[in-house]
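Novice: Sequence plus predicted model, see below.
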Amino acid sequence: KAGVTQTPRYLIKTRGQQVTLSCSPISGHRSVSWYQQTPGQGLQFLFEYFSETQRNKGNFPGRFSGRQFSNSRSEMNVSTLELGDSALYLCASSLDGTGYPIGGYTFGSGTRLTVV
Amino acid sequence: DQQVKQNSPSLSVQEGRISILNCDYTNSMFDYFLWYKKYPAEGPTFLISISSIKDKNEDGRFTVFLNKSAKHLSLHIVPSQPGDSAVYFCAASGLNTGNQFYFGTGTSLTVIP
């Protein structure tokens, strides 16, 4: 089956602009989580969506938002971009968000965002 | 608040020897732990997991040990191979974390041929 697809793979934006990233989960998966990876910070949790509802949110400013559509595809939006938003943004899908069954939490390849 | 910590940013090991990657956590309610491996320009891929009802789980060359009293887990790779060179993340979740996985900062493993 197809894996988790994230588009675009690379983005370069100017400070102050906004950006939208897309994540298509594995077919049948209803949970999509978003993470930000920066050097030295590991994977920082942004938010998790399940059945079009945000269930959990990490400690990020309101400039970071997301949504999920009825087909479970998810988008993440960052407004008023700052230089510090440059990072690899990863999404992960799972059946229900718990990561069960074992190994059922699957990541996409990520979107590399560079803010200049 | 880093609830999952990987205190060694990097580790170098000779091919054929054992690699030991360590992970500590602070939340005693964590009951499910995962290890992921990440190559450059790729997303993390699942490696091995362990639940709190066990203290050891093996899968081929990979073994994860869990010490609940010390809130510590470790990943052993024996024997290490050059293809194991990657960044390894541990992650944890539990009943009181909702559906959020907490990840460590990663350990970059280099296996020297």
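Specialist: Right, received. Where do you want to start? Numbering: from 1, shown residues only, chains lettered A, B, ... in the order given.
Novice: how close does A:Tyr105 get to chain B?
Specialist: Separation of A:Tyr105 from chain B (Cβ to the nearest Cβ, to the nearest Å) stands at 7 Å. Using the backbone N, CA and C atoms, a C-beta is placed for each residue, glycine as well.
Novice: Within range of chain A, give me the residues from chain B.
Specialist: B:2, B:6, B:9, B:32, B:34, B:36, B:41-46, B:49, B:89, B:91, B:93, B:98-106 (Cβ under 8 Å from any Cβ of the partner chain).
Novice: Just give me the residue closest to the centre of chain A.
Specialist: Taking Cα atoms, centre = their mean, the centroid of chain A lies closest to A:Trp34, which sits 3.0 Å from it.
Novice: Enumerate every residue touching the closest residue to that residue other than its chain neighbours.
Specialist: Once flanking residues are discounted, A:Trp34 sits nearest to A:Leu46: 4.0 Å by Cβ to Cβ, 6 or more residues apart in numbering or on different chains. Taking Cβ atoms under 8 Å, 6 or more residues apart in numbering or on different chains as the contact definition, A:Leu46 lies against A:33-36, A:57-58, A:60, A:64, A:66, A:76, A:89.
Novice: Mind doing that once more with 10 Å?
Specialist: A:33-36, A:56-60, A:64-66, A:76, A:78, A:89-91 (Cβ atoms under 10 Å, 6 or more residues apart in numbering or on different chains).
Novice: so what's A:Thr7 bridging to?
Specialist: In this entry, A:Thr7 is beta-bridged to A:Ser22, by DSSP bridges.
Novice: Contact partners for it?
Specialist: A:21-24, A:108-109, A:111.
Novice: Report the contact partners of B:Leu73.
Specialist: So, once contact is read as Cβ under 10 Å, 6+ apart, B:Leu73 ends up touching B:4, B:21-25, B:30, B:33, B:35, B:50, B:55, B:64-67, B:90, B:92.
Novice: What's the ChimeraX line that selects buried ones from these?
Specialist: The ChimeraX command for the buried members of the contacts of B:Leu73 (criterion: 16 or more other Cβ atoms under 10 Å in any protein chain shown) is given here:
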select /B:4,21,22,23,24,25,30,33,35,50,64,65,66,90,92
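Novice: So which residues of chain B form helices?
Specialist: Counting by DSSP state H, chain B has no helices to list.
Novice: Now A:Gln41. Nearest residue, chain neighbours left out?
Specialist: A:Gln41 sits nearest to B:Thr105 (Cβ to Cβ, 6+ apart), 6.4 Å away.
Novice: Return the per-residue confidence for the one you found.
Specialist: At B:Thr105, the pLDDT value in this model is 91.
Novice: what's it in contact with, if anything?
Specialist: If you count contacts by Cβ under 10 Å, 6+ apart, then B:Thr105 has A:37-44, B:2, B:4-9, B:87, B:89-90 around it.
Novice: Swap in 7 Å and give it another go.
Specialist: By Cβ atoms under 7 Å, 6 or more residues apart in numbering or on different chains, the contact set of B:Thr105 is A:40-42, B:6.
Novice: cool, A:Arg67 as well?
Specialist: A:74-75.
Novice: A:Gly108 contacts A:Gln6, doesn't it?
Specialist: Yes - if you go by Cβ atoms under 7 Å, A:Gly108 and A:Gln6 touch, sitting 3.8 Å apart.
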